[in-house]
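Engineer: would you be able to build a 3D model of this:
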Amino acid sequence: MVYPKFEKLELEDARGASYASGMHPNRYYYKYYFWVFWRQSPVDGGAFLGKEYRMNVAAAMALIDRLREQKEPYMLYNTGLPRRDPLRCPFDPKSPRWKDSEWACAFDDDPDPEWNGFK
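Structural biologist: Model prediction:
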């Protein structure tokens, strides 16, 4: 993994660098959080990738749009959390695969704003 470092930003151009995974096409399966690392970020390294600095998808995409307009370099990271939604998700919380996983609420219960259908 390439950790977010201020000195690495100098190597990026205004398009930014993405270390984010693709989003699952079924928005009901996962909730995505993003980290947008840029010159104004409060910290770098692994400390930046904690819960304290993660953003919902709408906030992250708004920041990226602003950074692109300003031609500011950035580094993008994300994670997807399985949603607890027995009617729409195929995930069994009792399965060993999900042991120690953080879970997100069901899509309909998620208070975050939508961005292109995702929350």
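
Engineer: tell me the buried residues in the biggest helix by length in the chain?
Structural biologist: Determined from DSSP state H, the single longest helix within the chain is helix 57-69. Buried positions in helix 57-69, judged by neighbour count with 16 or more other Cβ atoms under 10 Å: 57, 58, 59, 60, 61, 63, 64, 67. For every residue, glycine as well, the C-beta is placed using N, CA and C.

Engineer: just the closest of those to residue 111, please.
Structural biologist: residue 58 (11.4 Å; Cβ to Cβ).

Engineer: just to revisit the earlier point, CA-only coordinates of the helix or strand that the longest helix of the chain is followed by in PDB, if you can.
Structural biologist: Next along the chain after helix 57-69, taking DSSP states H and E as the criterion, comes strand 75-82. Only the C-alpha atoms of strand 75-82 are listed here, as PDB (Å, rounded to 0.1, in the frame of the first residue of the first chain):
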ATOM      1  CA  MET A  75      -4.400  11.000  -3.200                       C
ATOM      2  CA  LEU A  76      -7.700   9.000  -2.900                       C
ATOM      3  CA  TYR A  77      -8.400   5.900  -0.700                       C
ATOM      4  CA  ASN A  78     -11.500   4.100   0.200                       C
ATOM      5  CA  THR A  79     -13.000   1.200   2.000                       C
ATOM      6  CA  GLY A  80     -16.400  -0.600   1.700                       C
ATOM      7  CA  LEU A  81     -18.300  -1.800   4.700                       C
ATOM      8  CA  PRO A  82     -20.900  -4.500   4.400                       C
END
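
Engineer: now do strand 75-82, average pLDDT.
Structural biologist: For strand 75-82, mean pLDDT is 97.

Engineer: contacts for that strand, please.
Structural biologist: Outside strand 75-82, the residues that touch it by Cβ atoms under 8 Å, 6 or more residues apart in numbering are 2, 4, 8-9, 12, 16-21, 23-24, 29-38, 49, 54, 60, 64, 89, 91, 98, 101-104.
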